[in-house]
Structures are given as structure tokens and as C-alpha cells.
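[1] Structure for the following, please:
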Amino acid sequence: MESLAERGWHATTMLEVAERAGVSRGAAQHHFPTRESLVVAAVEQLGEEQITELRLRADELPPGRARTPAVAEMLLDLYTGVKFRAALNLWVAASHDAGLREVLVPLQARVGREAHRVAVELLGADESRPGVREAVQATLDLARGLGLANLLTDDAPRRAQVVRQWAHMLDAAL
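    Reported below is the predicted structural model:
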């Protein structure tokens, strides 16, 4: 994931990954015959790590009205940093590479469903109410967009204001 984040899809080779992992190229290819198979495993692990992290941090969430802004901030954290940058490089590459796209789309859909499910849990959202499912999904989409805005420059002050406002709107929707 670090190589993808730093160098992008085209510069991330099996040799590069093997060297970073401290193993031979042959050993890496024994476990991952193709770069795509390596990426699938990395994205699956990334998704699991992010969901586990969210669940661990859930115990620290405040109750009541303070919970929604805290959850919104946690969800936003999914879309900042090395992991998001690596995923973004994959999405861009997949938009031009049919083979990668074929592998990545179902995997990304599964990771997205799990992120949505955890967001519902953390927010205590009742998706049987009209508009709640869409509000939760909009939260994840907003977090992704704010993560994109943060890629080139530190957008933290503006992002904090947007998250505060969105949390008020999300509370109303929930």
C-alpha cells in the first residue's frame, strides 16, 4: 500500500513490493502470482484494518448529540493518509485498465458495503426511516470528497468546518 501511495500503480512492481517486504521476488510471486492478486489481497487487508480500527475506536465515542460529529470525523479519517492515497491510485489506474477494474470493482463494492454497515452501527441509524440510508451514504461520499481535497494541500481547517456543519445536518436526518 505504501508503494501504491508513493509511486502509483504503474511504478509499483512485484520487485518493488518484494524488496519493501524483505523477500525475494520469487517468494512474493509464489504467494501472489500477479500484481492484481497482490493488490486484491492488499485492498482486502486494508478494508479489514479500517473496519477493525473503527470498531476499536467506537468504545471511545461520546453519547448523545456529541456522537454524530465524532463518528463523522472517524469516517473522514478513512479517507486521509497513506491508505486512501493508495486506494485512489488504484481507482485511477482501474479507470484505464480493464483487467484491474474487473478485479477492483467487486472488491471495492464489498469494502464500501462494510464501511456503510459500520457507519450505520456507529451512528445508531435506523435505515427503515426515509432518507436515513442516503444520509449515511452521503456521509461516506462527503468524507471521500474531503479526502480528495486534502491530497494536494492541508485542508484541515476547512474540513473541520464542513464536518461540523454536516454533523448537524446528519443529526436532523437521523
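[2] how near is the nearest residue to residue 4 once chain neighbours are set aside to residue 12?
    Leaving aside its chain neighbours, residue 4 sits nearest to residue 86 (3.8 Å; criterion: C-beta to C-beta, 6 or more residues apart in numbering). Every C-beta, even on glycine, is put in place using the N, C-alpha and C of the backbone. Using C-beta to C-beta, to the nearest Å, residue 86 is found at 9 Å from residue 12.
[3] What segments of this structure are helices?
    2-7, 14-21, 25-31, 35-58, 67-77, 82-94, 98-123, 132-149, 156-173 (DSSP state H).
[4] coming back round to it: tell me, what's touching residue 86 and residue 12 both at once?
    By C-beta atoms under 8 Å, 6 or more residues apart in numbering, residue 86 and residue 12 have these common neighbours: residue 4.
[5] From the centre of this protein, point out the most distant residue.
    residue 26 (30.2 Å; C-alpha atoms, centre = their mean).
[6] circling back to that earlier point, Throw the helices of the chain into TSV and include mean pLDDT, thanks.
    TSV is the format used below for those (pLDDT from 0 to 100):
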stretch	mean pLDDT
helix 2-7	82
helix 14-21	89
helix 25-31	90
helix 35-58	82
helix 67-77	89
helix 82-94	83
helix 98-123	89
helix 132-149	92
helix 156-173	90
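[7] chain center to stretch 37-44, what's the gap?
    14 Å (C-alpha atoms, centre = their mean, to the nearest Å).
[8] any residues touching it, and which ones?
    Counting by C-beta under 8 Å, 6+ apart, 1, 4, 14, 17, 28, 32, 86-87, 90, 100, 103-104, 107-108, 111 sit against stretch 37-44.
[9] give me that answer again for 7 Å
    1, 14, 17, 32, 90, 103, 107, 111 (C-beta atoms under 7 Å, 6 or more residues apart in numbering).
[10] Between these, which sits nearest residue 73?
    Checking the contacts of stretch 37-44 against residue 73 by C-beta to C-beta gives residue 111 as the nearest, at 20.1 Å.
[11] how far away is the closest residue to the closest one other than its chain neighbours from residue 112?
    Spatial nearest neighbour of residue 111, excluding adjacent residues (C-beta to C-beta, 6+ apart): residue 47 at 3.8 Å. Remark: distance between residue 47 and residue 112 (C-beta to C-beta) = 9 Å.
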